[in-house]
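[1] Predicted model and sequence below, questions to follow.
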Amino acid sequence: MGGHKGHFVRREDTTLDYKQKLRITAITTIFMIVLGVAATFAPPRPTQALPVFTRRYGVPCKMCHLVPPMLNSTGLAFEANHFNWPNGNPPHYHDGISSEPISGLITNFSTSGQGQETLTEFNALELFASDGIRFPSGVNGGYWFDYAAVTNGQRAGGLDGAFASLPLGGKRGQLAITAGQFAPLTYQWDAIGDLTNSHPAVFDNGVDNVTFDASSPGVRLEYYNNRGKMTANGDYVEVGVPFDGHLNLNKDSSWYGRRGAYVHAFQRKGYTTEGVLYYVNGHSQFGSLIGTQKLGRYVYLLGALGSGHDDNGSENYASAEATYVPCSWAALSGRFDSIKGSVNSDYPTATLTLYPGDKIKWLRISAETVQQKGARNNTVYAYIQF
């Protein structure tokens, strides 16, 4: 199944003393042990947006994807059920190495931009692990792990995502808690399933250095009324607290300083969603209206409006995106972003996603142009998925 863009955020704080760093390392180590124990005792189930799913169950990528990594209705239900097969009756899985919930992604790119020379180089090798966790009571949890094994020009060991979700209440685990490192905005719009490499300005800016499409340490309570059913339709509510820092499997790891709180609520019916996101941290606030819609047979729409203010000033954002998916191996995405306030910028983005054919899903090519004034660039990405 499809891959993931990988946003390797690095923050270093030289003010941390030795004891603080030891505590941070201990927290990271304990969390990774919890993930490892979960992976050991969880019965095999499909992994989210990873090629191992097809190896394990012998089903095509299009069972969960329109064009990988873009999700279809089955994939959306799978994600909303914490990486468990929604109806609890998955296809027969294959034993052996293919059943292990591990996959990988190698990224190479060539880019040319405003005022810079063309650059072609290897970017990253990422390893992924994801699976569901079934408890004796019959309710399900799950985990996601994204490890940067090799990165260009950065220290290896970064975790773009490392979280576990556990059920708290409800006969089907409708109320759950998620802790670790994740992007605050998910289920209604998820960077993992997005075909563009740059993201909508509404989600990519935010306030107080908190963005809603990039992973950061945090904890959230989430409610989904139809969890455990063969559908992604229903009502969703998430309340979360992001923290400063970044989880890594190296000495750069840090987790400290709560940064406000957010709530995200929306309703889904097929590809039609209507939702609201609100974040507050003292005098800093951010609010957004988000909606999605399917138009005809092949076009998928996203629209979002946002407004926020912090110590750096006030900004208003608008993003409108359309993705045309004529088949399972090609898609064309176009987006227009508008930023008004202390910074004013209106610019289009276009992305072409291609696979060599319907049967070959290990290689994905993505060509993208971003025409933002002062930062125009054209980039071609080659993803090897295994």
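    Alright, I've got the coordinates. Residues are numbered from 1 along each chain as shown.
[2] measure stretch 215-231 end to end?
    Distance across stretch 215-231, first residue to last, is 26 Å (Cα to Cα, to the nearest Å).
[3] Could you give me the buried positions within it?
    For stretch 215-231, burial by neighbour count (16 or more other Cβ atoms under 10 Å) applies to 215-220, 222-224, 226-229, 231. Where C-beta positions appear, they are placed from N, C-alpha and C, glycine not excepted.
[4] and of those residues, the nearest to residue 167?
    Closest approach to residue 167 among those (Cβ to Cβ): residue 227, at 8.4 Å.
[5] that's a strand at the closest one, yeah?
    No - using DSSP: H, G, I helix; E, B strand; the rest coil, the secondary structure at residue 227 is coil, not a strand.
[6] Report the contact partners of it.
    For residue 227, the contacting residues are 80, 81, 82, 140, 170, 172, 173, 174, 176, by Cβ atoms under 8 Å, 6 or more residues apart in numbering.
[7] I'd like those residues laid out as JSON lines, including distance to residue 346, pLDDT and secondary structure.
    Below are the contacts of residue 227 laid out as JSON lines (distance: Cβ to Cβ, whole Å; pLDDT from 0 to 100; DSSP: H, G, I helix; E, B strand; the rest coil):
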{"residue": "80", "distance to residue 346": "34", "pLDDT": "94", "secondary structure": "helix"}
{"residue": "81", "distance to residue 346": "39", "pLDDT": "92", "secondary structure": "coil"}
{"residue": "82", "distance to residue 346": "39", "pLDDT": "92", "secondary structure": "coil"}
{"residue": "140", "distance to residue 346": "44", "pLDDT": "91", "secondary structure": "strand"}
{"residue": "170", "distance to residue 346": "45", "pLDDT": "95", "secondary structure": "coil"}
{"residue": "172", "distance to residue 346": "45", "pLDDT": "93", "secondary structure": "coil"}
{"residue": "173", "distance to residue 346": "44", "pLDDT": "94", "secondary structure": "coil"}
{"residue": "174", "distance to residue 346": "42", "pLDDT": "97", "secondary structure": "coil"}
{"residue": "176", "distance to residue 346": "39", "pLDDT": "97", "secondary structure": "strand"}
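[8] about what we covered before: mind picking the one among the buried residues of stretch 215-231 that's closest to residue 74?
    For those, the minimum distance to residue 74 (Cβ to Cβ) is 9.6 Å, reached by residue 231.
[9] quick one, what contacts the closest one?
    Counting by Cβ under 8 Å, 6+ apart, residue 231 has contacts 73, 77, 86.
[10] Out of those residues, which sit inside helices?
    73, 77 (DSSP state H).
[11] quick check, nearest of the contacts of residue 231 to residue 357?
    Proximity of these to residue 357 (Cβ to Cβ) peaks at residue 73, which lies at 23.8 Å.
[12] give me the number of residues near that closest one?
    By the measure other Cβ atoms under 10 Å, the count of residues near residue 73 is 16.
[13] For the closest residue to it other than its chain neighbours, give me its contacts.
    Spatial nearest neighbour of residue 73, chain neighbours left out: residue 232 (6.4 Å); criterion: Cβ to Cβ, 6 or more residues apart in numbering. Applying Cβ under 8 Å, 6+ apart, one finds that residue 232 lies in contact with 73, 76, 77, 79, 80, 187, 226, 268.
[14] Quick one, grab the pLDDT at residue 232.
    On pLDDT, residue 232 comes in at 96.
[15] Make 16 the first number, not 1, from now on.
    Got it, first residue is 16 now, which makes that one residue 247.
[16] how about low-confidence regions in the stretch 116-265 of the chain?
    Within the stretch 116-265 of the chain, the stretches with pLDDT under 70 are 116, 168.
[17] hey, where'd the helices end up in it?
    216-219 (DSSP state H, counting those that start in this stretch).
[18] How about residue 349, nearest residue that isn't a chain neighbour?
    Nearest one to residue 349, counting by Cβ to Cβ, 6+ apart, is residue 365 at 5.1 Å.
[19] I'd like the distance between the one you found and residue 350.
    Using Cβ to Cβ, to the nearest Å, residue 365 is found at 8 Å from residue 350.
[20] and what of residue 286?
    17 Å.
[21] Which one's more surrounded, these two?
    Shown here are residue 286 and residue 350; by other Cβ under 10 Å, residue 350 has more neighbours (21 against 16).
[22] Can you say which helix or strand has the closest residue to the more buried one other than its chain neighbours in it?
    If the residues on either side of it in the chain are set aside, residue 350 comes closest to residue 336, at 4.0 Å by Cβ to Cβ, 6+ apart. Assigned by DSSP states H and E, residue 336 belongs to strand 328-342.
[23] and that strand, what does it pack onto?
    Applying 3 or more Cβ pairs under 8 Å, 6 or more residues apart in numbering; DSSP states H and E, one finds that strand 328-342 contacts helix 216-219, strand 314-325, strand 345-356.
[24] Show me what the second one is in contact with.
    By that I understand strand 314-325. 81, 85, 204, 215, 217-218, 220-223, 286, 292, 294, 296, 298-310, 329-340.
[25] C-alpha coordinates for it, PDB please?
    What follows is strand 314-325, C-alpha atoms only, in PDB (Å, rounded to 0.1, in the frame of the first residue of the first chain):
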ATOM      1  CA  VAL A 314     -13.200  14.400  -8.300                       C
ATOM      2  CA  TYR A 315     -12.600  14.900  -4.600                       C
ATOM      3  CA  LEU A 316     -12.800  18.300  -3.000                       C
ATOM      4  CA  LEU A 317     -11.300  19.900   0.100                       C
ATOM      5  CA  GLY A 318     -12.000  23.300   1.500                       C
ATOM      6  CA  ALA A 319     -10.800  25.000   4.700                       C
ATOM      7  CA  LEU A 320     -10.900  28.500   6.200                       C
ATOM      8  CA  GLY A 321      -8.700  29.400   9.200                       C
ATOM      9  CA  SER A 322      -8.000  32.400  11.400                       C
ATOM     10  CA  GLY A 323      -5.400  32.800  14.200                       C
ATOM     11  CA  HIS A 324      -3.400  35.200  16.200                       C
ATOM     12  CA  ASP A 325      -0.400  35.000  18.600                       C
END
